[in-house]
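Asks: please work out how this folds:
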Amino acid sequence: MAWPHTLIPTASLSRRKWLASAAAGLAVPHAWSQPAFPGRALTIIVPFTAGGSSDIGARTLAPELSRLLGQPVVVDNVAGAGGAIGVQKLIRSAADGHTLLYGGLSESLLIPMINPAVNYKVEDLLPIAMVGSTPVVLVTRPDFAANSVDELIEMARRSPGRLSFGSAGIGSFAHVMTEVIKDKAGVFMVHIPYRGGTQILTDVISGQIDLGVTTVANAASMIAAKRVKVLGVSSRQRVSIIKEVPTFFESRALKGLEMQVWGVMFAPAGTPAAVVSKLGAAINTVMELPSTRATLAKLGAELPSLLTPAQALAFVQAEQKLYRPVVGRIKPE
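Replies: Modelled structure (predicted):
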């Protein structure tokens, strides 16, 4: 499984040369073939309502992208169907780079793999750059008998079907990620789908369900107050705010497993390579700004690896490979 940092060339100089040369092209409009890009305002579709992490991320990028590209960049919130309506709007747009999608794992990859009725597939989206990345945590109530992932897996093996986990719905990232955990460990736990994620941690604490998978940011306040216990974190490296918690990668049962909730900027498939390259350079330039780093930190996200469009495509394809074995068993609602 190739993850973002393994997709970066080992010689950082080559990446920096690419960024420098591509960014230089941002300031030399005549170097690009006609018609010049961008020729009008750009739109970033956010497939959720205003105020969420995707919306904040897109609105952080927009003014700096406008400055680099010399055109207005507006954010268009197109919510509905778990993000699918926003994705559908992107793929109906002209493949000229003027309409983009701030896409996440669920709506960009998992939903079309699980539910063909949405009438799009991940191949309809052309990755440009990674714009966000955050690990998930496996949490339980403080008095739960297991204190680590390995102890949890031993419990699940002794009593198949006794343990339960909640997710924000069938096909949500928490559902699919937990199915990957079950597959990797060879255990069975009962899935309890919710209509959204707000109630899950409350029910974990009260003992209505045993386990929840959520992002570090979502659980941070409850972790700090010791209202939930973290059994493991899905990143390769330990997370600074819960440095005492081992990663899935370190455990015996899930050794080598790494998962992230990510954001990728997409264009419609068929967008010209020169346009995609220019957009990728601009986005990566903005991602390295101190103001962008500060916003990501507030969202509980990490500065993602700076991927070229080809590397972003390889990353998304690797994610497909990871999740494909389990999504085939999931029936859409």
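Asks: buried sites along stretch 306-316?
Replies: Buried residues in stretch 306-316, defined by neighbour count with 16 or more other Cβ atoms under 10 Å: Leu306, Leu307, Thr308, Pro309, Gln311, Ala312, Leu313, Ala314, Phe315, Val316. In this view, the C-beta of every residue, glycine as well, is placed from N, C-alpha and C.
Asks: just the C-alpha atoms of that stretch, please, in PDB.
Replies: The C-alpha trace of stretch 306-316 is given here as PDB (Å, rounded to 0.1, in the frame of the first residue of the first chain):
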ATOM      1  CA  LEU A 306       2.900  17.900  -1.700                       C
ATOM      2  CA  LEU A 307       2.000  15.700  -4.600                       C
ATOM      3  CA  THR A 308       2.300  16.300  -8.300                       C
ATOM      4  CA  PRO A 309      -0.800  15.500 -10.200                       C
ATOM      5  CA  ALA A 310       0.700  12.200 -11.200                       C
ATOM      6  CA  GLN A 311       1.500  11.400  -7.600                       C
ATOM      7  CA  ALA A 312      -2.000  12.500  -6.500                       C
ATOM      8  CA  LEU A 313      -3.500  10.100  -9.100                       C
ATOM      9  CA  ALA A 314      -1.300   7.200  -7.800                       C
ATOM     10  CA  PHE A 315      -2.400   8.000  -4.200                       C
ATOM     11  CA  VAL A 316      -6.100   7.800  -5.100                       C
END
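Asks: any weak-confidence spans in the protein?
Replies: Where the chain drops to pLDDT under 70, the residues are 1-34, 300, 333.
Asks: tell me the centre residue of it?
Replies: Trp262 (1.5 Å; Cα atoms, centre = their mean).
Asks: not counting its neighbours along the chain, what's nearest that one?
Replies: Ser133 (4.9 Å; Cβ to Cβ, 6 or more residues apart in numbering).
Asks: is that neighbour bridged to anything, and to what?
Replies: Trp262, Glu302 (DSSP bridges).
Asks: that one and Leu296: what is the separation?
Replies: From Ser133 over to Leu296 the distance is 9 Å, taken as Cβ to Cβ, to the nearest Å.
Asks: just the helices in this protein please.
Replies: 4-7, 12-26, 53-69, 84-91, 105, 111-114, 149-158, 173-185, 200-206, 216-224, 273-287, 290-298, 309-327 (DSSP state H).
Asks: among those, which comes closest to Pro193?
Replies: helix 173-185 (6.9 Å; Cβ to Cβ).
Asks: my read: the residue nearest to Trp262 touches Val264, true?
Replies: No: here Ser133 does not reach Val264: they are 9.5 Å apart, not a contact under Cβ atoms under 8 Å.
Asks: need the contact list for Ala145.
Replies: Residues near Ala145 by Cβ atoms under 8 Å, 6 or more residues apart in numbering: Glu151, Met155.
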